[in-house]
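Trainee: got a sequence here, can you model it:
(5 chains)
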Amino acid sequence: MTTVLKTESLRKQFGELTAVDDVSIEIDDGDITSIIGPNGAGKTTFYNLLTGVLQPTAGSIWLRSGDGATDDGGGLREITDAEPHEVAQAGLSRSYQITNIFEGLTVRENVRVARISHERTRLDFRSRATGDEAIEADIEELLELTGLTDIADTPCDTLSHGEKRTVEIALALAIEPDVFLMDEPTAGMNPTEVTEIVSLIRELDADLDATFVVTEHNMDVVTDISDRIVVLAEGSILADGTPDDVLTDERVTEAYLGSDSV
Amino acid sequence: MSLSSLVPLIGVSDVVVGLSLGSRLFLIAVGLSLIFGVLGVLNFAHGGLYMLGAYVTLAVVTGVIDNFWIAALAGALAVGVVGAAIEFAAIRPLYDRIDADLDQLIVTFGFVLIIHETVRFVWGSGSYSVDPPALFDFSVSLGGSTFGAYRLVVIGLAVAVLAGLWLFITRTYFGSLVRGTSSDREMASMLGVDVPRLYTAVFFLGSVLAGLGGALSAPLQSTSPALGDQVIIDAFIVVVIGGLGSMTGAFVGAMLIGMMQSLGPQFISAGSIAIPFLAMVIVLLFRPEGLFGGIGE
Amino acid sequence: MSSENRSSVGRRRFLQAAGAGTAVALAGCSGGGGDDVVRLGATYILSGFASLYGEAAERGLEMAQSEINDNGGIDGRDVEVIVRDTEASADTAIQQMRSLVEEDNVDGLFGLDSSGVAQAVAPQAAELGIPYMITHAATPFVTSPEGEHENSVGNDYVFRDANNLAQDMYGAAQTAAELDATEWATIGPDYAFGYETWDYFQDFCAGLGVDAEFTAEQFPPLTTGDYTPYISSILDAEPDAVITPLWGADLTTFVGQAEDAGWFDQIDHTLFSVGMGTDLASDGSPLPEGEYASTRYDPFVPDTEANNSFRETYYEEHETLPTYNAEGAYRALYLYKEAIESAGGTDPDAIVDEFTGMEHSGPVGDYRFSEKNQATVPAIWGTVTYDDEWESNVLDPVNVYDANPDEMADALADSDLPTGV
Amino acid sequence: MSATDTGGRVRKFGSAVADGWTRERFGLLGALGLVLLAFGPSFQIYLFTDFLVVALFALGFNLLYGYTGLLSFGHGLFYAGGAYGLAIVLRDLGPVFADVVGSGVAPLVTFVVGGLVGLALVVAVAVPVGWLSVRLEEIYFALITLAFGMIGYSLIIQDPAGLTNGTDGIIVLLGSVDVGGESFRIGARQTYYALTVVVVLAAIYGVWRVVNSPFGTVCKAIRESPDRAAALGIDVRHHRWMTFIISAAIVGIAGVLRAGLASVASPGLTHWSTSAVAVIATVIGGATYFSGPIVGAFIFLYIRWGISRFPTLDAYWELFFGALLIGVVLYFKAGAVGGLLLLRDRLFGEGRAGGDDGPTQGGGGAAEPGSSGDRADDRGDDS
Amino acid sequence: MTILTVDDIDTYYGNSHVLHGISLEVDEGEVVTLLGRNGAGKTTTMRSIVGASPPRSGSITYRGEEIAGKSPDEINGLGISLVPEDRRVFPTLTVHENLRLAHNLASDPRPVAEMYELFPALDPLRKNDGQNLSGGEQQMVSVARALVQSPDVLLLDEPTEGLAPVIVDDLREIVQTVVDENVTVLLTEQNVDFAFDLAERGYIMDTGQIVFDGTVEEIRARDDLLETYLSVGSADA
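Mentor: Okay, the predicted model is just below:
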């Protein structure tokens, strides 16, 4: 197993509040790692640090470099102060807890934007957006993979919530990330949609050579998909290990159920 | 040119004029800033409301009662009512939109045109002058220069408005409603604040201040329909420099710009009117929250 | 308590407008020409800081229009005038002018208040092939043939029935010569007219041997709200006298603020070059008594039947003395009447031919158009005095300087500025 | 993709240059109309030329507003930049060119050089101004562009460099070309109309290509969600900057044409109230449609002209546009083009799934024009 | 008698379907708890009741009156006050201003002074700005701000979250005092001990639905429920 994403003593302070406190974590290639924790545990802040939306107060973030240019011995490159788009270009992609897609565009156009970005043709002013056959073929493939082919030409603002969540994932996948962060992929879904998305994630994990980091409230989903679970509480890592180990950990149960004895 | 060689050139009247220009700007800007701070609306029509205040004052003074102070009060209140009506009819429906702030800017720009044309229709295109209240209609000589006594009155009134408004916002119950709602609209609403009504009230208050500014400034300038278009841009500069939403900022920003306008012509012959805009750009780039921040600051 | 400069012609404009609308429809069908009216287009500032000039001009042209139409029209045809707003902008003025010529098929144009606008408009008159009688804008460059000076835009189609800036400054320099003042300053609007006034004044002073030094100048932008900073700056220079071409609402604002700043106590003489265009129209009296002002037409000089009856009729209707704007516009209609009647039709080139070198007489007196299409009217300067009978400021005493083109040219011999006469 | 035949009607210009059978037909009809107009009444040619110029101005403005969501209140700066570039070259270099290339073709050479200088000037200004401005968003972007526009305005009217002739502006006389005994005036009504048609159509085609290029697609995505775009590896600020420059250049071309048409480069062009014309036209036409600013400019100029036939109304013409602007923003945010498309859907029953509410009644009170399908800007040439 | 009835509501955030047909009832004077993990829909249920996230379908009646669709301030005016999960103390208002604001908006409030007796720790902080308070202090202000309105129904959303155990004990006592005054309380908690101490009945929520309802004793007796829906324990275990 090689490490593809690593944080070292990552800390984020908002005024007096320490949202993420000294988090060091190494994510292994090909794993599905779930990050869970009660509300306010710092999961979203952690994501925002990883993706460059927030700058850490202290600590560093490292990502496996696709182009071989590294500045440490382990094939990793530091992305601590990178801007969001630089992080994405470096190979870290995310989906959002609150659906964040290009609502006014069709499903196909959404994916096209991502492919254009990935293929670095985004500053091409002159050719047709639809003119690159390789990109169009990739789009078809991605739509196929995520099961969106039938609704490819529907404007996203008319999709159901579940369909939008799927587009969200398709977008994140389209830039062929090394590491794929999913922030509550099942948020706001009905049970049928949840089932569908879980099987999609499983299929993707099987088909793609990507690493997944998932936050999730739905424990069914977590236990279903995870190779490894990391529990955050009050900004720090409370537990880290296989699902079996973590879910039987007493401290974890207490953190969730709450207890005067904590 | 060194600073020491400049200083003797600045006379007492330059300072008084600068402060009175600043006071005028403050009276325009403070309502604009208040409305932005609480409602998040950048009211392009604020200059129009200011102009309307001057016209109503003029109309009252010439047609109803020959008392400047009563007329100014009437002007301020009438403009407040107009402002509240604008908020109620055209701005309120936009609060929940996704890109509300630009829509609101465009709608208030529509009112710039409507107020301007309505004023022209009623009062014509000509310009009017209003005499200062008789009590202050004389010139003061100080340090070798002469200026109208009313300028001092305006400076005093601006300080009084700042103080009054500051006390109102920080010391009264209504003020705490305004501050609370501006920081967390939904929580205020869940505690029982009728937020739309409060917004209308704040817009009314901001408009009253615009009207009052127009009324009090009327004796210092000629009143014409173009007045609103000129002052709104100055007001934008002031609130950006002072910090959108900050009353103290509006005051300091206004005084800075006032002094620039007063001294500019003496030191820079060409390009002087670009300087306030340059200041605005610099503040926007390096300190977009302005030199002061926050409502009630 | 307050002074007011307001038009009362709105309603009449509306009636006229309704007429214009129908006329257009007809003209559209018939392709223009062959109408039973003579249609003229006028472009003045009807909105904004200088709208009072346009409004005064409207009074004058309406008076001439009704006189002419009541007396058999022009060769039996009624005269109709379509008035448009230039908004003091060259862009708008040119658009209005094209619309008047191409949409409304007017037979001739007149008007223009702003010098800057006039300079942009002049070449358009030639391009559209339509005579343009300027009645107010004073820049000499529109009656200075193209090529004479780098700014010259004069051409065959552009005429001016009022005196120009050079004529006016010729009078100003003569006035200066009689005053006990050596240090001079100016405060003028920040555009060509402001600068040209100062340039001509200095050059005429030099050319006429006036003992004068020019020590300070301020050019605030148009529609400045508060002139006080500029006023302080001039006062700091302590000149003996100041000449100011401020006009429109700017002048009103300036005078009020200058009084507050003690201007008229500290400066011996102030010469208002556009003062009487504003002063008489308002019911207040913005110009302080005892200062100097020029006019391009004086309601009491010359003391002729034409002038006296014009003044009386105008006063009866509007309860105010006629300004030079009113007189210039009034006379423009008579100029067109005379040209069309003697040309026997409304062919633009024929009208232009008639205007060229025409000798004419009106309230302003007898004059002719010079070879540069400029009316040879005298410069008039006088002392501002309040007249109880007319309840208005008038010029008294008034000095008439016969602005002889040759003498003016001599005075400017060392200058590169053209006389435009 | 849904049929574009009927939608093409409101996209006359986009269609006129596009492939496809029906588009070709509409293109031909449009071209015929444009040619026929050249023989119309002189003033109508002038008015239509004016419309084309304002349409290009608004289209350039909307490249930034409609496609990246940045509302500029300072595009008058670039409108004026083009105009002054041309005017200064005509004034100062016209005689020089006459000496170099001979007086016969000099006016044409001067005009072309002037136009290019105007364009270069605009780009030279837009590069730094844009770089600084795109650091800000929303209301702050509107304010900083307003400030930049007014800095330009101040410098033009105070003219510290002695170039702009202050408040009076610069007279623009295009002159006549004499070649082999034939002589024609560049500024003559038909000539200038033809020239404007060619330049504006070419510019519109260029914009259309940009909008439908990979770059344009990315811009649309940025408009919809900047942070999402960044998370896909798109440098949002850089894209906005590039768009700003292209937008300014298009507006600069419009400014060059404006100066020749108006025969004057006046400082009013820089003033924020001129920038507002682009805002008005775009909002009225519909900012999320490619053709929105063009239709908006048409409505703006022809209503304006209609009003001008009635001087009493004319005196208060801005009142109508104020009311129209408020009405459109409040009740019909998709603008005129959105309205036409909705009408078409109603008439021909070409609604599509989920479009039953129409574009103005999005859920939660958020009336997003983008919620309608059939958005001209979003369609490439695939169909 | 029933004071608050939620009947088959569906609530969305935009397109996101968060509540799927939630129904519950609360009797006057009763303490009812809503249990469930993060994201189960507890907060959204609270927000639906107070009008901050109105349901798209279904009805909510308070004392027999339909309140779904009323604005938050109207609902508050009927006697329902919420202590939100994230406290939401007005940051630029002092403690006293926070309380006075709520006090003045209520039709029949308790005296503000009473709140300082109930929360003695707040007394010395009267003039401190909301933004300068610790998390526990903010929670006290938030609860006091609701109590000062003397509501008939008090909604407490995760009141113990992030509080030190000592403060949790204080809070329990205070809520108990209020309950003794016959105020109806609807309480969401992840801290089940706290909830069980106070509540008589409870609903368990998961993924936007009610999966169980019963008395506290019934819930307590069902370890499987606790495992499945409240802890992180394996669902399919």
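Trainee: how about the helices of the stretch 51-200 of chain C, start to end?
Mentor: Secondary structure of the stretch 51-200 of chain C by DSSP state H, counting those that start in this stretch: the helices cover C:51-70, C:90-98, C:115-128, C:165-178, C:192-207.
Trainee: make TSV out of those and add mean pLDDT, distance to chain A and mean neighbour count.
Mentor: Backbone N, C-alpha and C define where each C-beta goes, glycine included. As requested, those are exported to TSV (pLDDT from 0 to 100; distance: least, Cβ to the nearest Cβ, whole Å; neighbours: other Cβ atoms under 10 Å in any protein chain shown):
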stretch	mean pLDDT	distance to chain A	mean neighbour count
helix C:51-70	89	47	23
helix C:90-98	89	33	24
helix C:115-128	89	38	25
helix C:165-178	91	52	25
helix C:192-207	90	43	23
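Trainee: right, so of those helices, which gets closest to residue C:286?
Mentor: helix C:51-70 (11.4 Å; Cβ to Cβ).
Trainee: quick check, that closest one touching chain B?
Mentor: Yes. Using Cβ under 8 Å from any Cβ of the partner chain, we find that helix C:51-70 touches chain B at C:51, C:52, C:55.
Trainee: so the second one sits against residue C:251, correct?
Mentor: Translated: residue C:52. No. Counting by Cβ atoms under 8 Å, residue C:52 does not reach residue C:251; the two are 10.1 Å apart.
Trainee: of all the helices of the stretch 51-200 of chain C, which one is nearest chain D?
Mentor: Closest approach to chain D among the helices of the stretch 51-200 of chain C is made by helix C:115-128 (3.4 Å; Cβ to the nearest Cβ).
Trainee: any idea how far residue B:45 lies from residue D:220?
Mentor: 32 Å (Cβ to Cβ, to the nearest Å).
Trainee: between these two, which one's more packed in?
Mentor: Using other Cβ atoms under 10 Å in any protein chain shown, the more surrounded residue of residue B:45 and residue D:220 is residue B:45, with 30 against 26.
Trainee: quick check: closest non-adjacent residue to that one.
Mentor: residue B:111 (3.8 Å; Cβ to Cβ, 6 or more residues apart in numbering or on different chains).
Trainee: what about that neighbour, how many residues nearby?
Mentor: Neighbour count of residue B:111, defined by other Cβ under 10 Å: 26.
Trainee: mind listing what it touches?
Mentor: B:44, B:45, B:48, B:86, B:90, D:322, D:326 (Cβ atoms under 8 Å, 6 or more residues apart in numbering or on different chains).
Trainee: redo these as CSV? Include secondary structure.
Mentor: Formatted as CSV, these follow (DSSP: H, G, I helix; E, B strand; the rest coil):
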residue, secondary structure
B:44, coil
B:45, coil
B:48, helix
B:86, helix
B:90, helix
D:322, helix
D:326, helix
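Trainee: out of these, which comes closest to chain A?
Mentor: Of all these, residue D:326 has the smallest distance to chain A: 24.1 Å, by Cβ to the nearest Cβ.
Trainee: run a quick neighbour tally on the residue nearest to the closest one when sequence neighbours are not counted.
Mentor: Nearest non-adjacent residue to residue D:326, counting by Cβ to Cβ, 6+ apart: residue B:110, 3.9 Å away. A count of nearby residues for residue B:110, using other Cβ under 10 Å, gives 27.
Trainee: any idea how far residue D:280 is from residue B:110?
Mentor: Residue B:110 is 9 Å from residue D:280, by Cβ to Cβ.
Trainee: return every residue with contacts to both of the two.
Mentor: Between them, residue B:110 and residue D:280 share these contacting residues under Cβ under 8 Å, 6+ apart: D:321, D:325.
Trainee: contacting residues for residue B:281?
Mentor: Contact analysis of residue B:281 by Cβ under 8 Å, 6+ apart lists D:132, D:144, D:147, D:148, D:151.
Trainee: switch the cut-off to 10 Å
Mentor: Listed by Cβ atoms under 10 Å, 6 or more residues apart in numbering or on different chains, the contact set of residue B:281 reads B:237, B:240, B:274, D:129, D:132-133, D:143-148, D:150-151.
Trainee: ok so it is a helix residue?
Mentor: Yes. Counting by three-state DSSP, residue B:281 is found in a helix.
Trainee: ok, and the closest non-adjacent residue to residue B:204?
Mentor: That would be residue B:84: by Cβ to Cβ, 6+ apart, it lies 4.1 Å from residue B:204.
Trainee: same question for residue D:228.
Mentor: That would be residue A:100: by Cβ to Cβ, 6+ apart, it lies 4.6 Å from residue D:228.
Trainee: what's the distance between the one you found and residue D:261?
Mentor: 45 Å.
Trainee: what is the neighbour count of the residue nearest to residue C:116 when sequence neighbours are not counted?
Mentor: Ranked by Cβ to Cβ, 6+ apart and with sequence neighbours excluded, the top spatial neighbour of residue C:116 is residue D:168, at 3.4 Å. Using other Cβ under 10 Å, residue D:168 has 26 other residues around it.
Trainee: same question, residue C:214
Mentor: Look at residue C:214: counted by other Cβ under 10 Å, it has 16 neighbours.
Trainee: for residue A:97, helix, strand, or coil?
Mentor: Residue A:97, by the three-state scheme (three-state DSSP), is coil.
Trainee: contact partners for it?
Mentor: A:43-44, A:47, A:168, A:182-185, A:187-188, A:215-217, E:16, E:39.
Trainee: closest to chain B among these?
Mentor: Once Cβ to the nearest Cβ is applied, the member of these that ends up nearest chain B is residue E:16, at 15.5 Å.
Trainee: setting aside sequence neighbours, what's the nearest residue to that closest one?
Mentor: Nearest residue to residue E:16 in three dimensions, chain neighbours excluded: residue A:188, at 3.3 Å (Cβ to Cβ, 6+ apart).
Trainee: which residues touch the residue nearest in space to the middle of chain C?
Mentor: Central residue of chain C (Cα atoms, centre = their mean): residue C:136, 2.1 Å from the mean position. Residue C:136 sits next to C:44-45, C:53-54, C:56-57, C:110-115, C:118, C:160-162, C:274, C:277, C:296, C:323-325, C:328-329, C:332 when contact means Cβ under 10 Å, 6+ apart.
Trainee: kindly report the same for residue B:259.
Mentor: Counting by Cβ under 10 Å, 6+ apart, residue B:259 has contacts B:10, B:14, B:15, B:17, B:18, B:19, B:21, B:22, C:229.
Trainee: show me the shaky parts of chain B.
Mentor: Within chain B, the segments meeting pLDDT under 70 span B:1-10, B:143-144, B:265-272, B:293-297.
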